[in-house]
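Undergrad: could you work out the structure for the sequence below:
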Amino acid sequence: MFFRHQAHSTARPAGADMQTDRQTGRHAGRTTQGSPGQGAAASATAGQGTCVRAAGGQKAAERATGSRATGRQASGRQAAPEFGEGSGGIPLALLVQQLTPWLDHLLAVRGLSLATVTAYREDMQDFFHFLEELTKEPGDVTEARDIPVQASSALLGSQCLKGANLVIGEETILLYLSWGHSRGLEARTQARRLAALRSLFGYLVESGCTGTNPTEKNTTPSLPRHLPTFLSLNEVQAMLNVPGQSSARGRRDACMLEILYAAGLRVSELIALPLQAVDLQTGMLRVFGKGSKERLVPVHGRAQEKLLSYLETTRPLFHPAVANVFVNRFGKALTRQYVFTLVRDCAKACGILRPVSPHTLRHSFATHLLEGGADLRSVQTLLGHADIGTTEIYTHVQTSRLISLHRHFHPRSRT
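TA: Below is the predicted model:
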């Protein structure tokens, strides 16, 4: 599982419990290879078992840090700053120790997608890069950005890591955000990395490993709102007519484009759409979106006809080996890259020069519904947005319509 090698190699806060922690980590790792729910439960149990030892280990870490600082001063070297010490922070050893249970918790309990959990893992690796940069000795020319991602875990587990006894506090988080800003990271990237840290520290508090959350006073950076790009109705119709009907591949591609636009699906939802999620009698699709959230999306009659024809006459030609609705020529699930390439090529064939992606069809779906008079709440439900604020970005399309209504109905505009 994620970071298992880190949990094994990291120095434990209390030396007497090192062997026990290794045994617990191996047991949790073997269990995690089973079902996601069992793995998360085993990891959580193992993690909670080490929280009590880590609490005492925090004091040991502070004593060790003090001894190390005294030794450096005695040898004439300037002591590296240990941010967060004595401020009720969280020991780095505890942080690394609980990474695997936390990631399992995100997958099995919170139901986050694998892509989201992978992004959180990479964010934590970036945080470890920062800690290595923070604890460099004077004169060390090694840059954190020069350290491979795969090496960050080994650095954390090494006895020679200068920040092995570092205590993560509010100052550490502020320095990390400043470090990211100095590297020119966008606000959206900073916000996601802060969200990853906030989630991990929140998990530690909920599991009883600590009573401190160093991120609770940090505010999420304000994000710029980018208006979605969408296609006109004529452009969409032209794209849907590009795939030819003479080949099985063309009929499959035409059906995929029709469903993308008819249901406003994400590309991940399209390629993972199972056969049992299609109900052609009622014209409904059961879609599993982000966070395994389920929603029912209707499709219009033309899309139903194309989908029925594809399922009955075209899909069997690919000799499908999976239960996905759309399969490749080997009978396996399609990739995201193929759908991106398909949409891009169809747009170019129509003379559309601006960048077009599968998500552009999703934006067009929402935009055209609102232009046709659909209310915002209905569009939110069809798109599967948890927050209506996310759907509000599509209200820009109503500007011209509102101006027309104002000029037509306002009494002063008719004089």
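
Undergrad: residue 248 and residue 319 touch, don't they?
TA: No: counting by Cβ atoms under 8 Å, residue 248 does not reach residue 319; the two are 11.1 Å apart. No exception for glycine: its C-beta is placed from N, CA and C like everyone else's.

Undergrad: which of these two has more neighbours?
TA: Neighbours per residue (other Cβ atoms under 10 Å) separate residue 248 from residue 319, with residue 248 holding more: 16 against 10.

Undergrad: what's the more buried one in contact with, if anything?
TA: Contact analysis of residue 248 by Cβ atoms under 8 Å, 6 or more residues apart in numbering lists 314, 317-318.

Undergrad: tell me where the model's unsure across this structure.
TA: 1-88, 137-164, 291, 396-402, 414-415 (pLDDT under 70).

Undergrad: who are the contact partners of residue 200?
TA: For residue 200, the contact set (Cβ under 8 Å, 6+ apart) comprises 95, 98-99, 102, 124.

Undergrad: alpha carbons of stretch 304-316, as CSV, please.
TA: C-alpha atoms of stretch 304-316 as CSV (Å, rounded to 0.1, in the frame of the first residue of the first chain):
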residue,chain,number,x,y,z
GLN,A,304,-31.2,5.8,-26.7
GLU,A,305,-31.5,4.6,-30.3
LYS,A,306,-27.8,4.9,-30.9
LEU,A,307,-27.0,3.1,-27.7
LEU,A,308,-29.4,0.3,-28.3
SER,A,309,-28.0,-0.2,-31.8
TYR,A,310,-24.5,-0.2,-30.5
LEU,A,311,-25.2,-2.7,-27.8
GLU,A,312,-27.0,-5.1,-30.1
THR,A,313,-25.0,-5.0,-33.3
THR,A,314,-21.6,-3.3,-32.7
ARG,A,315,-20.4,-4.2,-29.3
PRO,A,316,-20.4,-8.0,-29.9
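
Undergrad: mind listing what's buried along it?
TA: Neighbour-count burial for stretch 304-316 flags 304, 306-307, 310, 314-315 (criterion: 16 or more other Cβ atoms under 10 Å).

Undergrad: of those residues, which is the nearest to residue 169?
TA: Nearest to residue 169 out of the buried residues of stretch 304-316 is residue 307 (Cβ to Cβ; 55.9 Å).

Undergrad: check which element follows the one helix or strand that closest one maps to along the chain.
TA: Per DSSP states H and E, residue 307 falls inside helix 301-309. The C-terminal neighbour of helix 301-309 among helices and strands, as given by DSSP H and E, is helix 336-349.

Undergrad: and that following helix, which residues are buried?
TA: Using 16+ other Cβ under 10 Å as the test for burial, helix 336-349 gives 339, 342-344, 346-347.

Undergrad: including distance to residue 177, could the residues you listed go into CSV?
TA: Shown next, in CSV, are these (distance: Cβ to Cβ, whole Å):
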residue, distance to residue 177
339, 36
342, 40
343, 36
344, 36
346, 42
347, 39
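
Undergrad: touching stretch 262-276 from outside, list them.
TA: By Cβ under 8 Å, 6+ apart, the surrounding residues in contact with stretch 262-276 are 113, 115, 256, 259-260, 285-290, 297-300, 302-303, 311, 323-326, 333-336, 339-340, 358-359, 361-362, 365-366, 382-383.

Undergrad: pretty sure residue 233 sits against residue 365.
TA: No: Residue 233 is beyond contact range of residue 365, at 11.2 Å (criterion: Cβ under 8 Å).

Undergrad: which of these two has more neighbours?
TA: Taking other Cβ under 10 Å, residue 233 and residue 365 do not tie; residue 365 has more neighbours (23 against 12).

Undergrad: buried members of the contacts of stretch 262-276 into ChimeraX, please.
TA: This is the ChimeraX syntax for the buried subset of the contacts of stretch 262-276, where burial follows 16+ other Cβ under 10 Å:
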select :113,256,259,260,285,287,288,289,290,297,299,303,324,325,326,333,334,339,358,359,361,362,365,366,382,383
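
Undergrad: report the contact partners of the nearest residue to residue 304 once chain neighbours are set aside.
TA: Of all residues not flanking residue 304 in the chain, residue 283 sits nearest, at 5.2 Å (Cβ to Cβ, 6 or more residues apart in numbering). Applying Cβ under 8 Å, 6+ apart, we find residue 283 in contact with 298-301, 304.
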